[in-house]
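**Student:** Provided below are the primary sequence and the corresponding predicted coordinates.
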Amino acid sequence: MGISLDMNEDIGILVVTYLPEPVTPNDLAKQRKMVADALSSSGIQKVLIDASSLLRFPPIVAALEHNEKIAADEKLKTIKYAVLCSSLGQDERSLETTGINRGIYLKCFSSRKDALSWLVEKQEK
C-alpha cells in the first residue's frame, strides 16, 4: 500500500498522502486503521487526504463501502476530512456525497490551499 502519514501539529492536521499506485479495498481498510491509530494517539480531529497523485480513484463501490465503515466507527465519524483530488469528476463527487449522506464531515477539493483553508476554518455549531 502506498500511503504516508504526516502530523502537522502546528495547524492540527493529519496529512495522508497516497502514492500513484492502484488502491484496493484492502488498502482502504489499512488506511482506516492507520488513521484511527494516529488520531487516537494525537488528539487531532482534522485529516487532509491527498489523493491527487492517484492515477485512478478506487471503484465507487469500494469508496461507498469505505465510507460506510468510517460512518460505523464512532471515532472516525467525528473527524473533519478534506480529500485533495487531481480533478473533481463524478467519482470524486460520489465519494463526497456518499460520505455526507452517512454523516461524515467530508469535502473534496482540487486545490490544496482550498482544502487546508476549509479544514482550519471554525465549524458552525
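**Tutor:** Noted; the coordinates are in hand. Numbering: from 1, shown residues only.
**Student:** what about the helices in the chain?
**Tutor:** For the chain, applying DSSP state H gives helices covering 25-42, 60-72, 74-77, 90-101, 112-120.
**Student:** Return the helix or strand in this structure with minimum mean pLDDT.
**Tutor:** Ranked by mean pLDDT, DSSP states H and E, the weakest helix or strand in the chain is helix 90-101, scoring a mean of 88.
**Student:** Who are the packing partners of that helix?
**Tutor:** Packing partners of helix 90-101 (3 or more Cβ pairs under 8 Å, 6 or more residues apart in numbering; DSSP states H and E): helix 60-72, strand 80-84, strand 105-109. In short, each C-beta sits where N, CA and C put it, glycine included.
**Student:** Find the centremost residue of this structure, please.
**Tutor:** The residue lying closest to the centre of the chain (Cα atoms, centre = their mean) is I49, at 4.2 Å.
**Student:** Could you pull up the contacting residues of it?
**Tutor:** I49 is in contact with 16, 18, 81-84, counting by Cβ atoms under 8 Å, 6 or more residues apart in numbering.
**Student:** before we move on, what about L84?
**Tutor:** L84 sits in contact with 48-52, 108-112, 115, where contact means Cβ under 8 Å, 6+ apart.
**Student:** how does it look with 10 Å?
**Tutor:** Counting by Cβ atoms under 10 Å, 6 or more residues apart in numbering, L84 makes contact with 15-18, 48-53, 108-116.
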